[in-house]
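**Q** I would like the atomic coordinates for the input below:
(chains A and B)
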Amino acid sequence: MEYQSQAVAKYYFTAAIGLFVGQILFGLIIGLQYVVGDFLFPEIPFNVARMVHTNLLIVWLLFGFMGASYYLIPEEAERELYSPGLAILMFWIFLVAGALTILGYLLVPYSTLADLTMNDLLPTMGREFLEQPTITKLGIVVVALAFIFNVGMTVLQGRKTVINLVLMIGLIGLAVFFLFSFYNPTNLVQDKFWWWWTVHLWVEGVWELILGAILAFVLIKTTGVDREVIEKWLYIIIAMTLITGIIGTGHHYYWIGTPEYWQWWGSIFSAMEPIPFFMMTVFAFTMVNKRKREHPNKAAVLWALGTGVMAFLGAGVWGFLHTLAPVNYFTHGTQITAAHGHMAFYGAYAMVVLAIISYAMPIIRGRAANSNKAQVMEMWSFWLMTVSITFITLFLTAAGILQTWLQRISETPMTFMATQDQLALFYWMREIAGVVFLIGLIIYIMSFFVGDDEAA
Amino acid sequence: MTQTIKKILPGDFAIWIFIYAELLVFGIFFISYAVTRSNNIELFNESQLLLDRTAGMANTVVLITSSWFVVNAVHAIKAGKEALCARWLSGAILLGGLFVMIKLFEFYSKSVEGITLSTNAFYMFYLSLTFFHFLHVILGMVILSVVLFNTRKGSYNGEEYTGVETAASYWHMVDLVWIVLFPLVYLLR
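**A** Below is the predicted model of the structure:
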């Protein structure tokens, strides 16, 4: 580790993985509730467990992004972090606020939580993914501002690199677009319209910049390829991301009360969204093929390559499947969306966080790479998680196609719940794949605790 | 002996990825236009007659001329004539500005007629296509301005002129898209 202050990343990475475990456990609960409807009822109803599952995902990825930034920004800027103390303070604030929010979801009815947190003063609750009490949202803004101030000062006072620049644009964008979560118009069309400014412009906009920057950093470090080459790729990738992703927001605006031209704008621009993801795959493989050194951390390289492939498949291909308006007319809100969501989040964002953790954690712990034994375990966990998420995606896709047919296309359309009964087999298989994913995750965590004695 | 012709891509490689991506988006838009038109021929023909073809024609001439200026700028820098290159670039940027003015006038006159993206399918395409192209003209002018600034600063010479070629390639793409767009949307019936 070149700079002592990079070590603050360890807190963030540890919390990220802890919350990741929570996310998967709640995923297994709701997966089972799909087929055993009263499982854990009334203690943990489906809507609450789902909220915990998705919120934990977002929070652990944010912890991962912040950890990644605290690790790579000082190294790129060639100076210590502006304030390691502030980073640690913000860590505890974010962790405690996050934990209280999740406990609030689990312990009291959602409406009581809204009352307790005085949601009526500035109502922002009750919308998918943005369910957090207003006070938590304000906390997120404070943490984000302190974080951006901290890393921003580091960049300003240090060496400016393309990676730092792209990462900073991504992080600032993340903070700015989160502000739309405070705008909650009573008109439902307006509400949905602006809601996507947070949700879509995060995952199909600024988060891709963060992803690109982290991936580029890991590739520079593990392959030794010239910075100029990697930076040029990064430029093209982010340009393509923004060209396609910004107006691509339109693919969420079909038939929700917005003007018809969004069907054209959304279809055409979002159809191009796979391009930057495809370029990321080509980028990762080209850089690894042109590598000038054999980095001892093979596991990190595997995660980096995996990110490219799985992001392209999950976000690119599975997104394209239902992005065109005439297709989406039938598939909107079916299990096809769930299939896409699972593989895209895992392939793009979970994997890139795991890639930087895989690269950085051994160094923070005082070695270039983990022992061979630990790396073999980590690679096992890579394959178990990646293959099982692929099966989850395939089962949900099959469920989605059947659902679309039975409920929306057939001559005698079935009701929603009657259709769900017909999908039970796929839901069971998805749950089994989910258990395999959890096993992969447990092995991943175990890999941190083996083979220390024979460290490479 | 067979002589092998070495094909050299003018400008930076990265701009070509960008150019192809842009052409892909416009290409899909053009195909969508054609398909939609074939289902609504009468509507498209009626609405098309209401466009300002003189303004469209004028803009075609303006843009082709400015592309020619850019060609001259590249020739000038290859011959090591930096000041001349800067003059041709300035001319091209000014013509780009003229294009923008004429286009704004067209947008304005359509807007006072109460025409919006939601008027009908033809106007959805007309406004979307010309507006996206309009944004590209502005981006092209920004790129040309950066290169003009660098030329004046002395960054390019008879040996090193990749930047000028890069900007020229992008500007020709902007021109090329218009050359397809103008007949397709304003004239073809």
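
**Q** count of neighbours near the nearest residue to B:Tyr123 once chain neighbours are set aside?
**A** Spatial nearest neighbour of B:Tyr123, excluding adjacent residues (Cβ to Cβ, 6 or more residues apart in numbering or on different chains): B:Ile115 at 5.5 Å. In this view, the C-beta of every residue, glycine as well, is placed from N, C-alpha and C. By other Cβ atoms under 10 Å in any protein chain shown, the residues close to B:Ile115 number 17.

**Q** Ok, A:Thr281 next?
**A** 18.

**Q** What parts of chain B come near chain A?
**A** B:14, B:17-18, B:21-22, B:24-25, B:28-29, B:32, B:117-118, B:124-125, B:128 (Cβ under 8 Å from any Cβ of the partner chain).

**Q** Of those residues, which pair is most distant in space?
**A** Using Cβ to Cβ, the two most remote members of those are B:Ala14 and B:Ser118, lying 37.4 Å apart.

**Q** May I have the predicted confidence score for the closest residue to B:Met124 other than its chain neighbours?
**A** Distances taken as Cβ to Cβ, 6+ apart place A:Tyr261 nearest to B:Met124, at 4.8 Å, with adjacent residues excluded. Note on A:Tyr261: pLDDT of 95.

**Q** Number of residues surrounding whichever residue of chain A sits closest to chain B?
**A** With Cβ to the nearest Cβ as the measure, A:Tyr261 is the residue of chain A nearest to chain B, at 4.5 Å. Residue crowding around A:Tyr261 was assessed by other Cβ under 10 Å; the count is 19.

**Q** now A:Phe180
**A** Other residues close to A:Phe180 by other Cβ under 10 Å number 18.

**Q** Provide a list of residues in contact with it.
**A** A:Trp194, A:Trp195, A:Trp197, A:Thr198 (Cβ atoms under 8 Å, 6 or more residues apart in numbering or on different chains).

**Q** what about the second one, which helix or strand?
**A** In this structure, A:Trp195 sits in helix A:188-201 according to DSSP states H and E.

**Q** Just give the closest residue to A:Val35, not the sequence neighbours.
**A** Per Cβ to Cβ, 6+ apart, closest to A:Val35 is A:Tyr427, 4.8 Å.

**Q** Next one, pLDDT for that neighbour please.
**A** 98.

**Q** Kindly format the C-alpha coordinates of the helix or strand containing it as PDB.
**A** Element membership of A:Tyr427, judged by DSSP H and E, is helix A:424-446. Listed next in PDB are the C-alpha coordinates belonging to helix A:424-446 (Å, rounded to 0.1, in the frame of the first residue of the first chain):
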ATOM      1  CA  ALA A 424     -43.800 -22.300  -9.500                       C
ATOM      2  CA  LEU A 425     -41.300 -24.800 -11.000                       C
ATOM      3  CA  PHE A 426     -39.100 -22.000 -12.200                       C
ATOM      4  CA  TYR A 427     -39.300 -20.200  -8.900                       C
ATOM      5  CA  TRP A 428     -38.200 -23.400  -7.100                       C
ATOM      6  CA  MET A 429     -35.300 -23.800  -9.400                       C
ATOM      7  CA  ARG A 430     -34.400 -20.200  -8.900                       C
ATOM      8  CA  GLU A 431     -34.400 -20.700  -5.200                       C
ATOM      9  CA  ILE A 432     -32.000 -23.700  -5.500                       C
ATOM     10  CA  ALA A 433     -29.700 -21.600  -7.600                       C
ATOM     11  CA  GLY A 434     -29.900 -18.900  -4.900                       C
ATOM     12  CA  VAL A 435     -28.700 -21.400  -2.300                       C
ATOM     13  CA  VAL A 436     -25.700 -22.200  -4.500                       C
ATOM     14  CA  PHE A 437     -25.100 -18.500  -4.700                       C
ATOM     15  CA  LEU A 438     -25.100 -18.300  -0.900                       C
ATOM     16  CA  ILE A 439     -22.600 -21.200  -0.700                       C
ATOM     17  CA  GLY A 440     -20.400 -19.300  -3.200                       C
ATOM     18  CA  LEU A 441     -20.600 -16.200  -1.000                       C
ATOM     19  CA  ILE A 442     -19.700 -18.200   2.200                       C
ATOM     20  CA  ILE A 443     -16.700 -19.700   0.400                       C
ATOM     21  CA  TYR A 444     -15.700 -16.100  -0.700                       C
ATOM     22  CA  ILE A 445     -15.700 -14.900   2.900                       C
ATOM     23  CA  MET A 446     -13.800 -18.000   4.000                       C
END
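
**Q** quick revisit: now the contacts of A:Phe180 as TSV including neighbour count and pLDDT?
**A** Shown next, in TSV, are the contacts of A:Phe180 (neighbours: other Cβ atoms under 10 Å in any protein chain shown; pLDDT from 0 to 100):
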residue	neighbour count	pLDDT
A:Trp194	16	97
A:Trp195	20	97
A:Trp197	18	97
A:Thr198	21	96
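
**Q** Save those as JSON lines, and put in distance to A:Thr14 too.
**A** Listed next are these as JSON lines, based on distance: Cβ to Cβ, whole Å:
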{"residue": "A:Trp194", "distance to A:Thr14": "35"}
{"residue": "A:Trp195", "distance to A:Thr14": "32"}
{"residue": "A:Trp197", "distance to A:Thr14": "32"}
{"residue": "A:Thr198", "distance to A:Thr14": "27"}
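
**Q** Could I get the average pLDDT for the helix or strand where B:Asp175 lies?
**A** Element membership for B:Asp175 (DSSP H and E) is helix B:162-181. Helix B:162-181 shows a mean pLDDT of 96.

**Q** CA atoms only: put that helix into CSV for me.
**A** The C-alpha coordinates for helix B:162-181 follow below in CSV (Å, rounded to 0.1, in the frame of the first residue of the first chain):
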residue,chain,number,x,y,z
THR,B,162,-3.6,14.4,-36.1
GLY,B,163,-5.7,16.8,-34.1
VAL,B,164,-6.8,18.7,-37.3
GLU,B,165,-7.6,15.4,-39.1
THR,B,166,-9.6,14.2,-36.1
ALA,B,167,-11.8,17.3,-36.0
ALA,B,168,-12.1,17.2,-39.8
SER,B,169,-13.3,13.6,-39.7
TYR,B,170,-16.0,14.5,-37.2
TRP,B,171,-17.1,17.5,-39.1
HIS,B,172,-17.4,15.5,-42.3
MET,B,173,-19.6,13.1,-40.4
VAL,B,174,-21.9,15.9,-39.3
ASP,B,175,-22.0,17.0,-43.0
LEU,B,176,-22.6,13.5,-44.2
VAL,B,177,-25.6,13.0,-41.9
TRP,B,178,-27.1,16.2,-43.1
ILE,B,179,-26.6,15.2,-46.7
VAL,B,180,-28.8,12.1,-46.1
LEU,B,181,-31.2,13.9,-43.7
